[in-house]
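Chemist: give the three-dimensional model of this entry:
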Amino acid sequence: MSAQPAAAANEPIDFSGAPLSAPPIITIGLMHVGAVAALFFPSTVGVVSFLVLYVISALGIVVGYHRMLSHRSFRPKKWVEYVLATCGALALQGGPGTWVAVHRLHHAHSDSDADPHNSQAGFSFCHFRWVLNALPETFYERRYTVLARDIDRDPYLRFLSDYELVPTIVMSLLLLAIGGLSALLWGLCLRVVFVYHVTWLVNSAAHMVGNKPFPDATGRNNLLVALLTMGEGWHNNHHAYPRSARCGLQPRQPDFGWWVISGLEKLGLVDKVHDARKYLDNGLRPTT
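Modeler: Reported below is the predicted structural model:
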């Protein structure tokens, strides 16, 4: 892990017993209602919108928010960074500032009360109930001073953190213009709900079900979660080597997120790509 993510390992914040928060309950609830409604308004443009925007927003989370911003596992061209971060915002999982700060705390205090989605609190909590809770005031005090200072220093990333709904509003208007209600329900509501749950499976199933080739690290390797999340399910690998842009470290561990990053590197759009595979080939464990 780079120096900035390592800064998250400061004084723990206790997330246990946090009260429920109305905004995420309303937002997530409405998305689920819309997802059910989408099934009654099928259309070709709706299904295409779902598939295209699923790939875009999932890559925004996997490659953009997670491997690029949270762990700085590669260095992109600035415009590439902004495109990937904007794609991540389309997943409606919060702006990059909050997402990155939460994830760095997860790595610093994994599976404890200082972990925002502590898997020791049970499947339903780490899968979705934690998202419905209010984040402590201490979190917001440290978000840009300690946890995500690099996000705060970048004007566009800070704008995206403060106005995270702007990309979704623009995309929703485009969907309505292109395909009406069906495109909106499929391309927004059903797609967002699907991305919600596959992302949450990394916090829940990939911390509870699967193997642990690196027993000293948290998380588990889970093939099904890896297939649904473009490689994030190789979660024990990731916790063992958090700065690695490649999570699927073995030949039979498909990692679509890594393939995208590798492709961007070949195109000259990213460099300084960290790959734990080279350390494993030498029988070494890299520093994190």
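Chemist: drop to CA atoms for contacts and neighbour counts, all remaining ones
Modeler: Fine.
Chemist: quick one: the residue found closest to Asp152 once you drop the neighbours it is linked to in the chain from Gly17, how far?
Modeler: Once flanking residues are discounted, Asp152 sits nearest to Arg158: 5.3 Å by C-alpha to C-alpha, 6 or more residues apart in numbering. Going from Arg158 to Gly17 by C-alpha to C-alpha, to the nearest Å gives 29 Å.
Chemist: ditto for Glu81
Modeler: 36 Å.
Chemist: which one's more surrounded, these two?
Modeler: For Glu81 and Gly17, the more surrounded residue by other C-alpha atoms under 10 Å is Glu81, and the numbers stand at 21 against 9.
Chemist: contacting residues for that one?
Modeler: Going by C-alpha atoms under 8 Å, 6 or more residues apart in numbering, Glu81 touches Gly64, Met68.
Chemist: secondary structure element for it?
Modeler: helix 78-89 (DSSP states H and E).
Chemist: what about Arg142, how many residues nearby?
Modeler: Arg142: 16 neighbours (other C-alpha under 10 Å).
Chemist: likewise Gly268?
Modeler: Neighbour count of Gly268, defined by other C-alpha under 10 Å: 11.
Chemist: need the three-state assignment for it.
Modeler: Recorded secondary structure, Gly268: coil (DSSP: H, G, I helix; E, B strand; the rest coil).
Chemist: look at it and report its pLDDT.
Modeler: Among the per-residue scores, Gly268 holds a pLDDT of 97.
Chemist: can I get the helix holding Glu81 in PDB, CA atoms only?
Modeler: Taking Å, rounded to 0.1, in the frame of the first residue of the first chain, the C-alpha atoms of helix 78-89 are listed here in PDB:
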ATOM      1  CA  LYS A  78      -4.900  12.800 -15.700                       C
ATOM      2  CA  TRP A  79      -7.800  12.600 -18.200                       C
ATOM      3  CA  VAL A  80      -8.000   8.900 -17.800                       C
ATOM      4  CA  GLU A  81      -8.100   9.300 -14.000                       C
ATOM      5  CA  TYR A  82     -11.000  11.700 -14.400                       C
ATOM      6  CA  VAL A  83     -12.900   9.500 -16.800                       C
ATOM      7  CA  LEU A  84     -12.500   6.400 -14.500                       C
ATOM      8  CA  ALA A  85     -13.500   8.400 -11.400                       C
ATOM      9  CA  THR A  86     -16.600   9.700 -13.200                       C
ATOM     10  CA  CYS A  87     -17.600   6.200 -14.200                       C
ATOM     11  CA  GLY A  88     -17.300   5.200 -10.600                       C
ATOM     12  CA  ALA A  89     -19.600   8.000  -9.500                       C
END
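Chemist: so for that helix, what gets flagged as buried?
Modeler: For helix 78-89, the neighbour count (16 or more other C-alpha atoms under 10 Å) marks Glu81, Tyr82, Leu84, Ala85, Thr86, Cys87, Gly88, Ala89 as buried.
Chemist: for the next helix-or-strand element following it, packing partners?
Modeler: Downstream of helix 78-89, the first helix or strand assigned by DSSP H and E is helix 96-108. Packing partners of helix 96-108 (3 or more C-alpha pairs under 8 Å, 6 or more residues apart in numbering; DSSP states H and E): helix 3-6, helix 78-89, helix 149-153, helix 155-162.
Chemist: ok, now with 6 Å
Modeler: Contact partners of helix 96-108 among helices and strands, from 3 or more C-alpha pairs under 6 Å, 6 or more residues apart in numbering; DSSP states H and E: none.
Chemist: go ahead and flag the most central residue of the protein.
Modeler: Centroid check for the chain by C-alpha atoms, centre = their mean gives Ile61 as the closest residue, at 4.1 Å.
Chemist: contacting residues for that one?
Modeler: By C-alpha atoms under 6 Å, 6 or more residues apart in numbering, the contact list for Ile61 reads Gly88.
Chemist: show me how far stretch 148-161 is from its chain's centre.
Modeler: Relative to its chain's centre, stretch 148-161 lies at 17 Å (C-alpha atoms, centre = their mean, to the nearest Å).
Chemist: er, stretch 230-239 I mean
Modeler: That offset, for stretch 230-239, works out to 12 Å (C-alpha atoms, centre = their mean).
Chemist: check stretch 265-276 too.
Modeler: Chain-centre distance of stretch 265-276: 20 Å, with C-alpha atoms, centre = their mean.
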